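Sequence isn't available, so here's the structure alone:
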């Protein structure tokens with residue numbers, strides 16, 4: 001299991017079997033992002049990706065009102081950067097998520113706004129409660145969801161994304177599902193999390209990790225480059241212990257016993 005995380009009162013970490021649960025615990029600030037939250041998320045994702053026992057990471061917010069409201073505007077320092085540093089904390093978290101071969105699931109339990117949209121979008125899958133709302137309200141305070149566009153742009157149609165950015169008006173959970181921004185919506189958001197985990201944890205850990213690696217690598221490739229990469233990757237998939245066991249179990253009509261290698 002992962003080493004004990006550094007103590008923080010703003011991000012709770014809990015292992016539920018092979019699943020790491022990360023809860024932004026700033027309910028009084030609608031789970032707004034802070035430096036401690038960013039550092040905690042980055043540290044947890046690094047440890048999860050270095051531990052074969054971790055099969056998935058679920059990211060959520062404390063309480064029922066908000067998943068994450070984005071930057072903490074009350075602090076007055078949300079956009080104070082060291083401009084000499086070429087890489088910034090929030091962008092680095094997105095880079096880390098793009099490199100993750102452990103599936104990331106966003107459990108959207110309430111308002112998902114601004115930077116919260118980025119945390120949701122950086123995840124591989126997302127489920128939402130029926131009352132959740134999604135928005136990019138930065139223009140209302142003279143800003144624009146710049147970094148968020150890098151992870152959100154491939155998930156929403158161009159005109160929908162432009163309208164959300166330019167008007168700042170939110171969409172409902174039902175609309176988010178229709179737009180395929182989320183995988184599932186239900187009155188009981190944990191039911192959707194359990195549904196996903198129940199259909200993922202019995203599958204090959206090796207196939208999922210190498211599969212996510214492959215999916216993420218080809219996203220920016222041209223067709224021929226992508227084909228050259230994937231035709232070699234399938235050979236590597238077939239060399240894993242899980243592939244041999246999975247095919248043997250299929251022939252023997254039994255459940256596979258995954259080694260994760």
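On my side now, so go ahead. Here the structure is a predicted model, which means the values were calculated and not measured.

Tell me where the stretch 51-200 of the chain has strands.
56-61, 66-68, 104-108, 111-113, 125-129, 133-135, 171-172, 184-186 (DSSP state E, counting those that start in this stretch).

Pick the most deeply packed of the ones you listed.
With neighbours defined as mean count of other Cβ atoms under 10 Å, the strands of the stretch 51-200 of the chain peak in mean count at strand 66-68, which reaches a mean of 29. C-beta coordinates here come from the backbone N, C-alpha and C atoms, glycine included.

Need the mean per-residue confidence for that strand.
Along strand 66-68, the predicted confidence averages to a pLDDT of 97.

circling back to that earlier point, can you list the strands of the stretch 51-200 of the chain in TSV and add distance to residue 251?
Formatted as TSV, the entries for these read as follows, by distance: least, Cβ to Cβ, whole Å:
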stretch	distance to residue 251
strand 56-61	29
strand 66-68	44
strand 104-108	32
strand 111-113	45
strand 125-129	31
strand 133-135	46
strand 171-172	48
strand 184-186	34
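
Minimum distance to residue 32: which of those strands has it?
Nearest to residue 32, of all the strands of the stretch 51-200 of the chain, is strand 66-68, at 7.0 Å by Cβ to Cβ.

Poorly predicted segments of the stretch 1-150 of the chain, please.
Applying pLDDT under 70 to the predicted model, the residue ranges of the stretch 1-150 of the chain that meet it are 1-8, 74-87.

where do the helices sit along it?
35-49, 89-99, 115-122, 146-152 (DSSP state H, counting those that start in this stretch).

Nearest to residue 137, out of those?
Among the helices of the stretch 1-150 of the chain, the nearest to residue 137 by Cβ to Cβ is helix 115-122 (9.8 Å).

Mind listing residues that contact that closest one?
Contacts made with helix 115-122 from outside it, assessed by Cβ atoms under 8 Å, 6 or more residues apart in numbering, are listed as 31, 33, 41, 59, 61, 66-71, 90, 93-94, 97-98, 104, 106, 108, 112, 126, 134-136, 145, 147-148, 151-152, 155, 182.

same check, this time on stretch 141-148
Outside of stretch 141-148, the residues within contact range by Cβ under 8 Å, 6+ apart are 73, 79, 88, 90-91, 94, 114-115, 117-118, 121, 136, 138, 152, 165.
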